[in-house]
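> Provided below for reference: sequence and predicted model.
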Protein chains: 2
Amino acid sequence: MMTLYGYWRSSASYRVRIALGLKGIDVIHKPVNLKAGEQLLPSHTELNAQALVPVLELEDGSRLTQSLAILDYLEEAYPKPSLLPSDPVKCAQIRAASQIIAADIAPIQNLRVLKYIRAEHGQGDEGVKAWAAHWIAEGFRALESLASKSNQTFFLRDEPGYFECCLIPQIYNARRFGVNMNSFPNLLHLDEIVKYHPAFVAAHPSNQNDMPSN
Amino acid sequence: MMTLYGYWRSSASYRVRIALGLKGIDVIHKPVNLKAGEQLLPSHTELNAQALVPVLELEDGSRLTQSLAILDYLEEAYPKPSLLPSDPVKCAQIRAASQIIAADIAPIQNLRVLKYIRAEHGQGDEGVKAWAAHWIAEGFRALESLASKSNQTFFLRDEPGYFECCLIPQIYNARRFGVNMNSFPNLLHLDEIVKYHPAFVAAHPSNQNDMPSN
């Protein structure tokens, strides 16, 4: 069985958990406590030189990092059900929308960046919240425009897939930073349709064993 | 013929130019002057709701954005010569290393972010340079560790491909922000080997028609 090193509230880990659920793949979950700094210990940097989660360890011991690279691997190694359409143009458009989240939103409001702007730019809670909300809203404006042109149930598809693996964790995150999701009705709608979808429910941060109980 | 909307110094545009060169694909180049704010004009946001470059317009008028999604499209539509290996684990590892650049380095030191920390965090030239250099060096430390374990000429391959499309523009960018590349000998070596490679030479910012002449 494969092992997923992740953290309950890490949106990149959450993406991979959804993808595994959509494909019906069981893995062993090993939590890495980012709040306690466990990602910086040699035991973790040996798994991932970047000191980040998630890491997917395959049965042969190979280690995969970066959530979208892991999604692409899963898509290739476990093709059914698919996360991406076969049409190469649609596929590129879904990948691009996913990268708006995975490249142009999430890394800018990642924990390590928030720590930097606190320490080096003297930002307090308010400045940190404004920063995160700014980059989320900027990306969501572009995504809302794209989603409004998709005339399928999900983004360019009839089933949730690669894009929804990225979007739902980012919406969870947006709420943490006080972004008003009513400005993004098409994105909000996607969040609503998967509310009771078992793969999305099982992957939700509040259903992870490493979520603090208080 | 396809049309590439880009900017001479945009590292995401530079990645796509290299990929096109490696695959021997000619395109029409249409420059978008980011310094003059042309990416914010309706003529451009109509092409890309995110107001960023690059945009690859296909012959049928479809528009692709996000450099890695474009690379994946090119790999699928024009498979030879390949940018990625056929082995799915190696492929995932190359994608992951590429995403360290395209997700965890470049977007954090993108022009729009630098503008924000100037305007909202009161950072001057020095603070901006320190910010950019910090995130580049952090990502390069992880990449140097990965590259030191690859025993092939290029990163996990014998020919330059997907990863080198990302790395070489990021090294160009690192030098602009004063990062000392001698700390990253394996990355520097990759930069040296492609110094006279025609696809990398043709894609270099200094060889673009929209580079200012002064």
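Thanks, I have the structure now. Numbering: from 1, shown residues only, chains lettered A, B, ... in the order given.

> Next one: A:A119 from B:L64, what distance?
According to CB to CB, to the nearest Å, A:A119 stands 38 Å off from B:L64. (Glycine included, C-beta is placed from N, CA and C.)

> more crowded one of the two?
B:L64 (25 against 9; other CB atoms under 10 Å in any protein chain shown).

> doesn't that one fall inside a strand?
Yes: under DSSP: H, G, I helix; E, B strand; the rest coil, B:L64 sits within a strand.

> Relative to B:V27, how far out is it?
Going from B:L64 to B:V27 by CB to CB gives 12 Å.

> what do those two both touch?
Any residue near both B:L64 and B:V27 by CB atoms under 8 Å, 6 or more residues apart in numbering or on different chains counts here, and that gives B:L56.

> Identify each of the strands in chain A and give its residue range.
Assigned by DSSP state E, chain A shows strands spanning A:2-6, A:27-31, A:55-57, A:63-65.

> Let me know the average pLDDT across the last one.
Averaging pLDDT along strand A:63-65 gives 98.

> Please apply the same query to the third one.
When pLDDT is averaged along strand A:55-57, the result is 98.

> So which other helices or strands are in contact with that strand?
strand A:2-6, strand A:63-65 (3 or more CB pairs under 8 Å, 6 or more residues apart in numbering or on different chains; DSSP states H and E).

> Turn these into CSV, columns for distance to chain B.
Formatted as CSV, the helices and strands packed on strand A:55-57 follow (distance: least, CB to the nearest CB, whole Å):
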stretch, distance to chain B
strand A:2-6, 12
strand A:63-65, 5
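
> Identify the bridge partners of the closest residue to A:Y5 other than its chain neighbours.
Residue nearest to A:Y5 in three dimensions, not counting chain neighbours: A:V55, with 4.2 Å by CB to CB, 6 or more residues apart in numbering or on different chains. Counting by DSSP bridges, A:V55 is bridged to A:Y5, A:T65.

> Give me the neighbour count for A:V55.
24.

> Also the one 5 residues further on?
Using other CB under 10 Å, the number of residues around A:D60 comes to 7.

> likewise A:V194?
Applying other CB under 10 Å, we find 17 residues neighbouring A:V194.

> Also A:A77?
Other residues near A:A77 number 14, with proximity taken as other CB under 10 Å.

> And for A:E192?
A:E192 - counted by other CB under 10 Å - has 9 other residues nearby.

> A:S86 now?
Residues contacting A:S86 under the criterion other CB under 10 Å number 8.

> Please tell me how far A:S10 sits from A:V16.
Per CB to CB, A:S10 is found 9 Å from A:V16.

> what is in contact with the two at once?
Taking CB under 8 Å, 6+ apart as the contact rule, A:S10 and A:V16 both touch A:P54.

> helices or strands next to the longest helix belonging to chain A in the packing?
What stands out as the longest helix in chain A, according to DSSP state H, is helix A:125-148. Helices and strands touching helix A:125-148, by 3+ CB pairs under 8 Å, 6+ apart, are helix A:88-102, helix A:111-121, helix A:162-176, helix A:185-193, helix B:111-121.

> for A:E120, what are its contacts?
When the contact criterion is CB under 8 Å, 6+ apart, the partners of A:E120 are B:127, B:130-131.

> of those, buried ones?
Buried subset of those (neighbour count, 16 or more other CB atoms under 10 Å in any protein chain shown): B:127, B:131.

> Show me which of the contacts of A:E120 is closest to A:A69.
B:W131 (26.1 Å; CB to CB).

> Including distance to B:Y78, could the strands of chain A go into JSON lines?
Output for the strands of chain A, formatted as JSON lines (distance: least, CB to CB, whole Å):
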{"stretch": "strand A:2-6", "distance to B:Y78": "33"}
{"stretch": "strand A:27-31", "distance to B:Y78": "35"}
{"stretch": "strand A:55-57", "distance to B:Y78": "29"}
{"stretch": "strand A:63-65", "distance to B:Y78": "26"}
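
> coming back round to it: surely the residue nearest to A:Y5 touches A:E46?
No: using CB atoms under 8 Å, A:V55 is not in contact with A:E46, being 10.1 Å away.
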